[in-house]
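Undergrad: Next come a sequence and a model predicted from it.
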Amino acid sequence: MFKNEIYISDNHILEDYLGIKLTMQSSKSEWKRAINIFIDRMQGRYFDAINKLSNTGDKTLLQKYGFSIMCIQCLLIDTLVKFRYGPTVLKRGTLSYNYENQNHFTKFLKEVFYEDFNNEMALKFYTDIRCGIMHFGTTKRNSRLICDSSHLITKIEGVNISVDISVLEERLEQYFKQYIEEIKRGNQTELRENFIIAMNYICNIYQKDEKWEI
């Protein structure tokens with residue numbers, strides 16, 4: 001399957017996207033092809049994996065796989081952030097600062113899940129949940145993951161939080177559907193521009209004298 005070919009999604013190889021030569025002036029059918037490749041990638045790389053781990057019908061197993069599910073969910077959010085706001089553009093020879101990634105991540109939480117996240121909660125999610133699990137394999141401080149609440153995020157024990165992985169899964173699926181509809185309509189220029197930049201990054205298409213961090 002993978003011999004001499006680079007798969008950028010379950011059912012599409014690199015050349016499938018490169019052949020489109022996607023630009024802001026591309027036709028409706030070309031945009032549809034590119035969006036379908038993106039959907040296939042996101043479904044196969046993230047949503048299918050989350051669903052297989054979470055749809056066990058056994059809360060004990062769901063708790064067992066909670067860290068793995070949240071890790072994939074955070075990778076998914078990181079990816080969606082880059083498609084919404086564009087990858088961080090770095091001039092060659094300059095340093096990358098984590099602050100910009102943190103800023104975009106927390107901005108995404110506050111904009112997309114505005115009913116649940118204020119500045120404090122978004123930052124706590126980024127530091128205690130996202131960075132804790134992805135960099136150290138555990139949540140930081142006493143923040144925790146749960147799977148038996150109707151609330152996405154809850155403040156506990158003063159400065160700590162709990163995050164419900166099942167509720168987050170539902171919210172991410174809802175957002176993804178909304179995002180796809182926004183991209184299809186094409187009435188938000190910046191959103192489509194950032195889509196192109198992010199897809200080009202995935203396919204190793206770079207601007208001259210620039211590198212991107214995603």
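TA: Nice, thanks for sending it over. Numbers count the residues shown, from 1 in each chain.
Undergrad: what packs against the one helix or strand residue 110 maps to?
TA: Per DSSP states H and E: residue 110 is located in helix 98-112. Here helix 98-112 touches helix 66-85, strand 88-91, helix 119-124, going by 3 or more CB pairs under 8 Å, 6 or more residues apart in numbering; DSSP states H and E. No exception for glycine: its C-beta is placed from N, CA and C like everyone else's.
Undergrad: Which among these is found nearest to residue 205?
TA: Residue 205 lies closest, by CB to CB, to one member of those: strand 88-91, at 13.7 Å.
Undergrad: quick one, phi/psi of residue 179?
TA: Here is the backbone geometry of residue 179 (degrees, to the nearest 10): phi -60, psi -40.
Undergrad: how would you label residue 142: helix, strand or coil?
TA: Secondary structure, DSSP: H, G, I helix; E, B strand; the rest coil: residue 142 is coil.
Undergrad: who are the neighbours in contact with the residue lying closest to residue 22 once chain neighbours are set aside?
TA: Distances taken as CB to CB, 6 or more residues apart in numbering place residue 34 nearest to residue 22, at 4.9 Å, with adjacent residues excluded. Residues in contact with residue 34 (CB atoms under 8 Å, 6 or more residues apart in numbering) are 17, 20, 22, 26, 195, 199.
Undergrad: Next one: residue 34 from residue 6, what distance?
TA: 17 Å (CB to CB, to the nearest Å).
Undergrad: between the helices and strands packed on helix 98-112, which gets nearest to residue 38?
TA: Minimum separation from residue 38 across the helices and strands packed on helix 98-112 (CB to CB) falls at helix 66-85, 7.9 Å.
Undergrad: residues making contact with the closest one?
TA: The contact list for helix 66-85 (CB under 8 Å, 6+ apart) reads 38, 42, 46-47, 49-50, 53-54, 62, 101, 104-105, 107-109, 129-130, 133-134, 137-138, 145, 147, 163, 165, 168-169, 172, 175-176, 179, 191, 194-195, 198, 201, 214.
Undergrad: roughly how far apart are residue 38 and residue 153?
TA: Computed as CB to CB, the residue 38 to residue 153 distance reads 28 Å.
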